[in-house]
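Colleague: Could you work out the structure for the sequence below:
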Amino acid sequence: MSFGETGEHITENAFPTKSPDQRFERVVEYAPNAMILISADGTMEMVNAQTEIIFGYARDELLGQPIEMLVPERFRTGHPRLRRSYSEKPNPRPMGAGRDLYALRKDGSEFPVEIGLNPISDGEKHQILAAISDISERKHREEQIARSLREKETLLSEVHHRVKNNLQIIHSLLDMQTSSVIDIQAREALIDSCNRVRSMAQIHQSLYQSEDIAKVNFADFCESLISSLLATFNVDISRVQVKSNLAHVELTIDQAVPYGLIANELITNALKHGFPDGAKGQITVSTQMNDQEVVTLRVSDNGRGMPDDFTPGTSDGLGLQLIELLADQIGGTLDITTNGETTFVINFKIGK
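Modeller: Numbers count the residues shown, from 1 in each chain. Purely as a prediction, here's the structure:
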């Protein structure tokens, strides 16, 4: 519950009856929150029944006493200064907005509270009406929710870690199998499979290491992917350079896995086929996101280009078929340009 939101001072004119004081006292007495009327010097002049229940004091134990007796000792010293500061510029508002407030019971126990302050004035006498709500149950529920979220985050992080480990085992098994395969075509197929498995493992590794285990920093992933592929194909970086221009884009796991596999296929294809026979050149990898949250992945190279008879959508190569299927999976579009540089552009909208 929020306090101090009446937006106007309370005066005697607010109670148009023959006995305004009695009506005011009745309103205070039966209020669902602890209500304490405080004088300008901080003395408690009126308390209601709920105050007795919440704080554990009898009414006559509170009347005439300083309000600081209900303030925990560690905050008591500075409280008179805060009270005077409020009296200099009184206005209806919550007390200590944005801070955790605590009150002190008769038995010495502390409990969290919300306090609304309302100045009351009859022209000569100035008082403060404090509405105090015990929020112990709400705080307890919030702590339970926070603890549950932490436990789920820990569990999810461990799941990503285990998935990553299992994928690395699969990658290692495929890599071992590759070394014993004599047929060149079969070996290349196994290497491609290794790279695909590793790209998925890297995504789960990114999630495991990230503070936000629900999102993948795709720029970091791409940098890691590029380094891995350069090592896999033993690329001479003085001959083939890979330039990256990667915007900060965060993707969910459902988006990052297919998008990561697409990036893997495109970069792999450029490294394997773009620069045969010692040819030199450059591969450019870039990402960006516009105001409509459309993410664009662009991979281009100035190598030998696609075959003369290449027609988008009709290729029987597994890599390009996989790219088309994955682009469709995330609701994206694939555009291929073969004039000059060979350029692949994947667009998709986050959250689609």
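
Colleague: got the phi/psi numbers for the nearest residue to I53 once chain neighbours are set aside?
Modeller: Leaving aside its chain neighbours, I53 sits nearest to A34 (7.8 Å; criterion: CB to CB, 6 or more residues apart in numbering). C-betas here are computed from N, CA, C, even on glycine. The phi and psi values for A34, taken as degrees, to the nearest 10, are phi -70, psi 130.

Colleague: A34 - how many residues pack around it?
Modeller: For A34, the tally of surrounding residues (other CB atoms under 10 Å) stands at 23.

Colleague: Kindly report the same for S180.
Modeller: 8.

Colleague: State the distance from T287 to S210.
Modeller: When distance is defined by CB to CB, to the nearest Å, T287 is 17 Å away from S210.

Colleague: correction: Q292
Modeller: For Q292, the distance to S210 - CB to CB - is 25 Å.

Colleague: picking that back up, contact partners for the residue nearest to I53?
Modeller: V47, N48, Q50, T51, I53, I54, F55, A131, I132, S133, D134 (CB atoms under 8 Å, 6 or more residues apart in numbering).

Colleague: Just among those, which is most surrounded?
Modeller: Result: V47 is most packed of those (other CB under 10 Å), 26 neighbours.

Colleague: So which bits of the lowest-mean-pLDDT helix or strand in the chain are buried?
Modeller: Least confident helix or strand of the chain, by mean pLDDT, DSSP states H and E, is helix 20-29 with a mean of 80. Along helix 20-29, these residues count as buried under the neighbour rule (16 or more other CB atoms under 10 Å): F24, V28.

Colleague: Likewise for stretch 151-170?
Modeller: Those would be H160, V163, K164, L167, Q168, I170, for stretch 151-170 by 16+ other CB under 10 Å.

Colleague: Outline the domain layout of the protein.
Modeller: For the chain, the structural domains run 12-134, 137-213, 215-352, going by automatic domain parsing.

Colleague: Just want the most central residue of this protein.
Modeller: In the chain, the C-alpha nearest the mean C-alpha coordinate belongs to D212, at 6.3 Å (CA atoms, centre = their mean).

Colleague: Could you list which residues are in contact with that residue?
Modeller: Neighbours of D212 in contact, by CB under 8 Å, 6+ apart: E250.
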